[in-house]
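Q: generate a structure from the sequence data that follows.
(2 chains)
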Amino acid sequence: MTSPEPLKRILVIEDDEDILFAVTQLLELEGYEVSTATNGAIALDLLQQNELPDLILLDMIMPVMDGWKFAAALHQKFGTCIPVLVMTAAANAAERARDVGAAGWVPKPFKIEELIERIKEHSNGRKS
Amino acid sequence: MALFGQIFSRLVQQIRIRRRSGAALRESHALLHVLFEESFELAGLLTPDGVLIKVNQRARDFIGKKDSELLGKYFWETPWWTHSPELQERLRAAIKAAAGGELVRFESNHLDLHGELFHIDFSLKPARDKHGKVILLIPEGRDITEQKRAQSELKASAQRLRTIIETEPECVKVVGLNGEIQEMNPAGIGMLEASSLEEVRNLKLQDFVTAPHQAAFRSMRERVLKGESGELQFEITGMKGTKRWLETHAVPLRDENGQIRGLLGITRDITAHKASEKIDQQRHELERQLATIAKTAPGALCSLRMKPDGSISMPYVSPRWEEYFQLSQADVAQDASALVSRYHPDDLEYINASVAESAKNMTDWRAEFRILNPARGTIWIEGHSTPVREPDGSIIWHGFITEITQRKRIAAELLAAKNAAELAAKTQAEFLNIAAHELRTPITSLSLILQLAQKKIEKGEVPTPATLNRLRAPADRLSALVADLLDLSRLERGIILLHPKRTNVVDLILECIEEFKTHAPARHFHFEKPETPVDAEIDPTRIYQVLSNFLDNAIKYTPEQGPIDVAISSLAGKIRVSVTDRGAGIAEQQQAHLFAPFARGESNEVIRTSGLGLGLSISRKIVELHGGAIGVDSVEGQGSTFYFELPRKALLSNTTK
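A: Okay, the predicted model is just below:
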């Protein structure tokens, strides 16, 4: 699989270290540039200090700052220019995605191909 | 009167006819004189022209005069007659007639020498000689005063009796041997609905008697005709068809020879009495039935009257009503305003509105409400009633009231049970949802790490031991979760038993803190160790589990540098252990849900982390099995204190020793 041109840099926000590790490795194998944060607060810091990513993968349940609070802060500070994909183990994933104004969701557990599919779907909808 | 006259005439005749010797004649004369003089009646002799030539003793004594004052006078000028000129005239006419050969007789009133009035039957007879010529007139007077008075009294009495009988409201009748009506007064004729005696005369009385009374009537008649008296109440049908109840008293009527010729009956119309007797009987019967119903019905009967001015009274309440309301019939008979004081204040408006609506539309009243029974407290009752408008504009409700306290209680319990069941079902569904969520997290880790390894192998790389090591933690967590689920399930189902023994809880706390220090050496635990051991009868393994859960949570929620405080205190018969963190705290409305399985609050905002799910539920169960209590005090933004209290002496349930 070749690297998709329009969308390269992905921020993964996930408190579970094992999931964060595996997702990062898998996306890098696919040619994405991945940055990580273990909660929403750290992620906001990253966003403020670095170049903005093309897409954000967001876990919902996290200590310190969870997915809901992060999404609210993100939209407040950066608008809706960065598409957000929610990663959730909840049964009502679609509802959660809608709640936080996300572009889409991936239900946990997922196959990496599924995740990449979702990422690609949103590569064109991105406003730079 | 006549008797004396006859004897006298006969004697005169004998004298004339026999022409006896002078001695015999003298003897006869003397005899005649005695008879004449001693007669009890007034008697005398007149010449045909009315001159008194002889008068007897009785007649002289009557007026207290002597022969010398009387004889030789015209009879009508003597004191017997002088009191009344009218009478004198009548006498002169009588003398004239008698002189012409007639026998004259009349009754007249005379005054004796004392002025007392006598009634005299007076007669004047002519006496003739052998040629038929009138030679003497014989006046006779017989005192009939007594007889006259008796007659007049009899007549008056008969008249009075007749008047009484005629105007008597009771029927008086004479009935023949065969029951035929012979005499009947107007009252009786009225009872038979006839217009005159002629209409009913000779009709048979028994023909008026209604069929059910025929036999009794006949038997009474037979008894009376045998000489007894009889009495009977019976019913008749009048000639116009009206039925009447009569009460009759009958006695036999006998002729002069003592032979029974019929019967005399006096009969009273007792229809009204019978009717009221019947009404009384019916009323009595109804009252008895009402009392029985009121006593045995599973509720209370009552009548409530509302006058046009809005005032209320209760003309009838049954004993059970009195029980419900703790008011007596007398309390509400005239003025039922006391009733309102028994209404539950919260239902007062509702009751008044329901009654007003029933009164306005004249629709059935039905209400369920609470009353305050001074003896039993609040009771629920249900009332049914239909309003009836009275002529004076009042409305009266005859109602039935039952107590439904029990039903209400059961309904409330059912509702609570239903809610509990629904909550349990919802909790169950949530539990499954959250359990699935909890299990998915480690499964996701395992899946992604395996996918990574697979991708690397596909690219000809070998997965590093570090990558494979990452499989361990989520796998452990998965098995721990499954173990917790089983643990909780067994605790809930009572499969897990406690093994209590005397334990120094201080040592237990120290041991637990030591273990956490090895896992999290950077953490600062603060525990003020009491000088004396704190013993309690507990299952040390299980209480250690609770302590671990508290400390684990505290570590998760407290930032790295924040201290964690552990404390123990003992109060009357109990020990209390608490763990305080400096975390974000928990909103008050979430605190109650913390100890339910997987509960992390219903709102997404407070779901902060995974892994909390079953720990507090298991802890609660363990503490409860010890007979203790678990809880949390928390202020948002300042941290939380989780604590448990245990009885020192086992109040244990679900234990083995």
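
Q: which positions in chain A make contact with chain B?
A: Proximity of chain A to chain B, by C-beta under 8 Å from any C-beta of the partner chain, involves residues A:15-16, A:18-19, A:21-23, A:25-26, A:29, A:60-63, A:66, A:68-69, A:89-91, A:96, A:99, A:108-112. In short, each C-beta sits where N, CA and C put it, glycine included.

Q: can you select the buried ones from these in PyMOL?
A: This is how PyMOL selects the buried members of the residues of chain A next to chain B, with burial counted by 16 or more other C-beta atoms under 10 Å in any protein chain shown:
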select buried, chain A and resi 15+16+18+19+21+22+23+25+26+29+60+61+62+63+66+68+69+89+90+91+96+108+109+110+112
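
Q: quick one: the helices in the stretch 51-200 of chain B?
A: All helices of the stretch 51-200 of chain B, identified by DSSP state H, counting those that start in this stretch, fall at B:57-63, B:67-70, B:85-99, B:145-167, B:186-191, B:197-200.

Q: who does the fifth one touch, helix- and strand-wise?
A: Here helix B:186-191 is seen to pack against strand B:171-176, helix B:197-200, strand B:260-269 when contacts are counted using 3 or more C-beta pairs under 8 Å, 6 or more residues apart in numbering or on different chains; DSSP states H and E.

Q: any chance of the ones you listed in TSV, with mean pLDDT too?
A: Listed next are those as TSV, based on pLDDT from 0 to 100:
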stretch	mean pLDDT
strand B:171-176	90
helix B:197-200	90
strand B:260-269	90
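
Q: compile those into a markdown table and extend it with columns for distance to residue B:78 and mean neighbour count.
A: As requested, these are exported to a markdown table (distance: least, C-beta to C-beta, whole Å; neighbours: other C-beta atoms under 10 Å in any protein chain shown):
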| stretch | distance to residue B:78 | mean neighbour count |
| --- | --- | --- |
| strand B:171-176 | 52 | 20 |
| helix B:197-200 | 53 | 15 |
| strand B:260-269 | 53 | 19 |
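
Q: just put these in JSON lines and tack on distance to chain A.
A: Converted to JSON lines, the helices and strands packed on helix B:186-191 look like this (distance: least, C-beta to the nearest C-beta, whole Å):
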{"stretch": "strand B:171-176", "distance to chain A": "104"}
{"stretch": "helix B:197-200", "distance to chain A": "107"}
{"stretch": "strand B:260-269", "distance to chain A": "96"}
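
Q: just put the ones you listed in a markdown table and tack on distance to residue B:511.
A: As requested, the helices and strands packed on helix B:186-191 are exported to a markdown table (distance: least, C-beta to C-beta, whole Å):
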| stretch | distance to residue B:511 |
| --- | --- |
| strand B:171-176 | 121 |
| helix B:197-200 | 127 |
| strand B:260-269 | 113 |
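
Q: top helix in chain B by residue count?
A: Under DSSP state H, the helix in chain B containing the largest number of residues is helix B:405-458.

Q: immediately after it, which helix or strand?
A: Next in sequence after helix B:405-458, counting helices and strands by DSSP states H and E, comes helix B:465-469.

Q: so which elements touch that next one?
A: When contacts are defined as 3+ C-beta pairs under 8 Å, 6+ apart, helix B:465-469 packs onto helix B:405-458.

Q: the helix it packs on vs chain A: in contact?
A: Yes: using C-beta under 8 Å from any C-beta, helix B:405-458 reaches chain A at B:433, B:436-438, B:440-441, B:443-449, B:451-452, B:455-456.

Q: before we move on, what about stretch B:543-552?
A: No: Stretch B:543-552 is not in contact with chain A by C-beta under 8 Å from any C-beta; minimum separation 13.3 Å.

Q: model confidence over that stretch, on average?
A: Mean per-residue pLDDT for stretch B:543-552: 92.

Q: stretch B:441-450 too?
A: Averaging pLDDT along stretch B:441-450 yields 92.

Q: and of the helices and strands packed on helix B:186-191, who's closest to residue A:47?
A: strand B:260-269 (118.7 Å; C-beta to C-beta).

Q: check which residues of whatever helix or strand comes next after that closest one are buried.
A: Next along the chain after strand B:260-269, taking DSSP H and E as the criterion, comes helix B:271-296. Burial within helix B:271-296, assessed by neighbour count using 16+ other C-beta under 10 Å, is assigned to B:271, B:274, B:294.

Q: try stretch B:177-187
A: Result for stretch B:177-187 [16+ other C-beta under 10 Å]: buried residues B:179-181, B:184-187.

Q: what do you get for stretch B:561-577?
A: Applying 16+ other C-beta under 10 Å to stretch B:561-577 flags B:564-568, B:574-577 as buried.

Q: anything in that stretch near chain A?
A: No: Stretch B:561-577 lies out of reach of chain A by C-beta under 8 Å from any C-beta, never closer than 12.8 Å.

Q: what's that stretch in contact with?
A: Identification of contacts with stretch B:561-577 by C-beta atoms under 8 Å, 6 or more residues apart in numbering or on different chains yields B:505-506, B:509, B:513, B:523-528, B:530, B:534, B:536, B:547, B:551, B:554-555, B:558, B:578-583, B:628, B:639, B:643-649.

Q: other SSEs contacting the worst-scoring helix or strand of chain A on mean pLDDT?
A: Averaged element by element with mean pLDDT, DSSP states H and E, chain A has its least confident helix or strand at helix A:93-99 (a mean of 83). If contacts are counted by 3+ C-beta pairs under 8 Å, 6+ apart, helix A:93-99 sits against strand A:84-88, strand A:104-107.

Q: nearest to residue B:280, of the ones you listed?
A: strand A:84-88 (89.2 Å).

Q: give the pairing partners of that closest one; include direction for each.
A: Applying DSSP bridges to the sheet, strand A:84-88 is found paired with strand A:55-59 (parallel), strand A:104-107 (parallel).

Q: could you dump those into JSON lines with mean pLDDT and mean neighbour count added?
A: Conversion of the strands paired with strand A:84-88 to JSON lines gives the following (pLDDT from 0 to 100; neighbours: other C-beta atoms under 10 Å in any protein chain shown):
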{"stretch": "strand A:55-59", "mean pLDDT": "93", "mean neighbour count": "26"}
{"stretch": "strand A:104-107", "mean pLDDT": "90", "mean neighbour count": "19"}
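
Q: can I get those in JSON lines including distance to residue B:222?
A: Shown next, in JSON lines, are the strands paired with strand A:84-88 (distance: least, C-beta to C-beta, whole Å):
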{"stretch": "strand A:55-59", "distance to residue B:222": "122"}
{"stretch": "strand A:104-107", "distance to residue B:222": "116"}
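
Q: minimum distance to residue B:618: which of those has it?
A: Relative to residue B:618, the nearest member of the strands paired with strand A:84-88 by C-beta to C-beta is strand A:55-59, separated by 25.8 Å.

Q: run through the bridge partners of the spatially most central residue of chain A.
A: Nearest to the mean C-alpha position of chain A, counting by C-alpha atoms, centre = their mean, stands residue A:57 at 1.1 Å. Here residue A:57 sits in beta bridges with residue A:12, residue A:85, as judged by DSSP bridges.

Q: on that earlier part again, which of the residues of helix B:405-458 next to chain A count as buried?
A: Among the residues of helix B:405-458 next to chain A, the ones that count as buried by 16+ other C-beta under 10 Å are B:437-438, B:440-441, B:443-449, B:451-452, B:455-456.

Q: with respect to residue A:39, which of these is nearest?
A: Distance to residue A:39 across those (C-beta to C-beta) is lowest for residue B:441, with 15.4 Å.

Q: what about the residue of the stretch 151-300 of chain B found nearest chain A, which SS state?
A: Closest to chain A within the stretch 151-300 of chain B is residue B:298: 52.9 Å, counting by C-beta to the nearest C-beta. Classification of residue B:298 using DSSP: H, G, I helix; E, B strand; the rest coil returns coil.

Q: residues in contact with the nearest residue to it once chain neighbours are set aside?
A: The shortest distance from residue B:298 to any non-neighbouring residue, by C-beta to C-beta, 6 or more residues apart in numbering or on different chains, is to residue B:402 (6.3 Å). Residues near residue B:402 by C-beta under 8 Å, 6+ apart: B:298-300, B:381-382.
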